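Colleague: Predicted structure and sequence below. I'll ask about it afterward.
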Amino acid sequence: MASLQDQLLKAGLADKKKATEIKHEKRKKAKQQPKGHKTKDELKEQIETNRKLKAEQDRLLNEQRKAELKLKEQRAMIKQMMEHHGLKDYQGDVAYNYLHDDLAKTIKIKPAIKQSLVQGTLAICAIDGLVKLVPDVIARKFQEIDPSVVILMHDRSAKEEVDEDDPYAEYQIPDDLMW
C-alpha cells in the first residue's frame, strides 16, 4: 500500500519536488530530536505523576511517624502511671509465680498482697523492664491503651464454677494451704 504522498503524486495533486522537500524536512526534524527524548507534554506528565507519587509517599511516612510518636507517648504515660500508682512496700516472704514472656518468674510478696492478686484487686504490669504491682483500676486503663503491658490480672467477676459431679465439692480448701 502506497503512502498518501505517493497517492497524491500519482493523482497529480502534488509535485515531486515538493514531496522530496517534505521528506527532507521530516528527516531533519527526526535527527534534531535524539531518540529516547520525550516531548514536553510527556515530560510534564511524568513530572506531575512523580510529584503526586512523592506526595503520597510523604503522606504515608508522616502518618507512620505520627503513629510511632503516639505509641511512644502512650508507653511513656503508662510507665509514669506505673511508677506513680505502683505499690512500693510489697516485698515479703511468700513466693508468687507468674509467666512473663513465656518464662516463669517469681516475686516475693506479703500474704495480704498475694490475696489481693488472687482476688483480682491488684495486677502485675511490666513495661521496658519495669515490673510493678498496680491496682486493678489502673491495670484496666493500661489494657485499653496497650494490652501487652498487663502481665497478670485475675478477673474479679469470675466465680469458681463447681462441677456437679465433683465428689469433693462439699470440702472447703483451707485458706492457709500453700501449694
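Modeller: Yep, it's here.
Colleague: Residues in contact with the helix-or-strand element of the chain with minimal mean pLDDT: which ones?
Modeller: Lowest by mean pLDDT, DSSP states H and E among the helices and strands of the chain is helix 4-11, with a mean of 78. For helix 4-11, the external contacting residues (C-beta atoms under 8 Å, 6 or more residues apart in numbering) are 2, 14, 15, 16, 19, 22, 23. Backbone N, C-alpha and C define where each C-beta goes, glycine included.
Colleague: again, only this time at 6 Å
Modeller: For helix 4-11, contacts defined as C-beta atoms under 6 Å, 6 or more residues apart in numbering pick out 14, 19.
Colleague: Give the next helix or strand downstream of that helix.
Modeller: helix 16-32 (DSSP states H and E).
Colleague: which residue ranges form the strands in the chain?
Modeller: If DSSP state E is used as the criterion, the strands of the chain fall at 91-100, 103-109, 122-127, 130-135, 150-152.
Colleague: as a whole number, average confidence for the last one?
Modeller: Across strand 150-152, pLDDT averages out at 89.
Colleague: before we move on, back to that, so which of the strands of the chain is nearest residue 55?
Modeller: strand 122-127 (36.7 Å; C-beta to C-beta).
Colleague: Distance check, residue 108 against residue 72.
Modeller: Applying C-beta to C-beta, to the nearest Å, the value for residue 108 to residue 72 is 33 Å.
Colleague: actually residue 134, sorry about that
Modeller: Counting by C-beta to C-beta - residue 134 and residue 72 are separated by 21 Å.
Colleague: neighbour count winner among the two?
Modeller: Using other C-beta atoms under 10 Å as the criterion, residue 134 and residue 72 rank with residue 134 on top: 24 against 10.
Colleague: Thought residue 87 was touching the more buried one, still the case?
Modeller: No: applying C-beta atoms under 6 Å, one finds residue 134 not in contact with residue 87, separated by 7.3 Å.
Colleague: Below-threshold pLDDT in this structure: ranges please.
Modeller: By pLDDT under 70, the low-scoring segments of the chain are 1, 33-38, 156-163, 175-179.
Colleague: Can you pull the phi/psi pair for residue 167?
Modeller: Residue 167 adopts backbone torsions of phi -70, psi -20, taken as degrees, to the nearest 10.
Colleague: can you pull the buried residues of stretch 106-123?
Modeller: Neighbour counts using 16 or more other C-beta atoms under 10 Å place 107, 109, 110, 113, 114, 116, 117, 121, 122, 123 of stretch 106-123 among the buried residues.
Colleague: In JSON lines, list those residues along with distance to residue 43.
Modeller: Formatted as JSON lines, the buried residues of stretch 106-123 follow (distance: C-beta to C-beta, whole Å):
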{"residue": "107", "distance to residue 43": "68"}
{"residue": "109", "distance to residue 43": "73"}
{"residue": "110", "distance to residue 43": "77"}
{"residue": "113", "distance to residue 43": "73"}
{"residue": "114", "distance to residue 43": "75"}
{"residue": "116", "distance to residue 43": "72"}
{"residue": "117", "distance to residue 43": "70"}
{"residue": "121", "distance to residue 43": "71"}
{"residue": "122", "distance to residue 43": "68"}
{"residue": "123", "distance to residue 43": "63"}
